[in-house]
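Student: generate a structure from the sequence data that follows.
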Amino acid sequence: MSRRITGFTPSGELHLGNYFGAIKPLVDEQIPDRSIIFVSDLHALTLDHDPAAVRRRTLEFAAVLLAAGADPARSIFLVQSHVPEHTELHYLLESVTGYGEARRMIQFKEKSKDSDRVRVSLLTYPVLMAADILLYHAGEVPVGADQRQHVELARDIAERFNAAYGPVFTVPRMVNPPVAARIMDLARPAVKMSKSTSPAGTLRLLDSPDTLRHKVMRAATDPGSAVEYDPGNRPGIANLLTILSACTGEDPADAAARSGGYADLKRTVADAVIATTDPIRHRYADLGRDPEAVRKILQDGVIRARLIAGNTVAAAKRAIGLLPA
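Tutor: Below is the predicted model of the structure:
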């Protein structure tokens, strides 16, 4: 059985969409010695950033993932920058990657347009992402549509390196994550909920129950008063029903049929969201009382990760022609 790897970049704050789209699927599918979960703090350096915020969010993301069910006994759990082989392999892979390949990445084109102060790391971070994957011989990479191009680049790099220098890397394949609810911004239901959308429209995993209820009760709805699941014509109500369905497992159309109106639906959604996030928030608070325990988990993850990563880098250096120390 091949390894599976998932990373989370510590920018913004984790929210309900992250939970159902990425966190819960990986928690449900953890396999001892085969699942790798990491906080990709190096990826947070591609744009202007506050160093203190990156450090704080790295530890926060690690604690939230643990609170949500990431199990160090069943997964290799680490912070990317704690394993120096990530950056070492990054340079080796840059040596077999074309400038044109990196420049064609969609996210680079979108984030660099209309700017003359683009960091080189924004151009090359897809190669670092390839290193993240290839370092652990990850055969499976669960990705959404926005990251497919990056995994395709990792495949191309692995195949090119293997053809030129010998079979060092496992060529990864993309796997579709379990179909998750597409949760939209509460204030702007035409926009997907994300770490960069409006605070009022984002249900953060660490928000207090009162904050979550306030946001849901102020969520955008649609003209009229009928509660029905019609994403095309009634996106606000459909989004609330989608959130309720994700939290409870109930079919959104069935939830609509038993709703007593907009206010009743919002109260029901708020209760479901709070019930979903309460265990995470309480576990996070427990971890916060002993931050050294989280750091110890991360240290143990580094030891386990480097046993794999060190062998991979040694093989790549030998194959590409570097003189052993």
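Student: hmm, residue 79 is touching residue 41, no?
Tutor: Yes. Counting by Cβ atoms under 8 Å, residue 79 does reach residue 41; the two are 5.9 Å apart. (Glycine included, C-beta is placed from N, CA and C.)
Student: shared neighbours, the two?
Tutor: Shared contacts of residue 79 and residue 41, defined by Cβ atoms under 8 Å, 6 or more residues apart in numbering, comprise residue 58.
Student: what's the burial count for residue 31?
Tutor: 12 (other Cβ atoms under 10 Å).
Student: with the one 3 residues further on instead?
Tutor: Residues contacting residue 34 under the criterion other Cβ under 10 Å number 19.
Student: likewise the one 3 residues further on?
Tutor: Taking other Cβ under 10 Å as the criterion, the count of residues near residue 37 is 25.
Student: so how far is the helix or strand bottoming out on mean pLDDT in the chain off the chain centroid?
Tutor: Every helix and strand of the chain was ranked by mean pLDDT, DSSP states H and E. The lowest is helix 106-112, at a mean of 73. Averaging C-alpha positions (Cα atoms, centre = their mean, to the nearest Å) puts helix 106-112 19 Å from its chain's average.
Student: what does stretch 20-36 give?
Tutor: Distance, stretch centre to chain centre, for stretch 20-36: 11 Å (Cα atoms, centre = their mean).
Student: what sits against residue 169?
Tutor: So residue 169 contacts 134, 137, 158, 161, 162, 312, 316 (Cβ under 8 Å, 6+ apart).
Student: go again using 7 Å as the cut-off
Tutor: 134, 158, 161, 162 (Cβ atoms under 7 Å, 6 or more residues apart in numbering).
Student: domain map for the chain?
Tutor: 3-180+291-320, 199-285 (automatic domain parsing).
Student: could you dump these into TSV and include distance to residue 188?
Tutor: Formatted as TSV, these follow (distance: least, Cβ to Cβ, whole Å):
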stretch	distance to residue 188
domain 3-180+291-320	13
domain 199-285	6
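Student: so for residue 191, which of these sits nearest?
Tutor: domain 199-285 (7.8 Å; Cβ to Cβ).
Student: what residues does stretch 86-99 touch?
Tutor: In contact with stretch 86-99 (Cβ under 7 Å, 6+ apart) are residues 42, 80, 124, 127-128, 130-132, 134-135, 157, 160-161, 164, 312-313, 316-317, 320.
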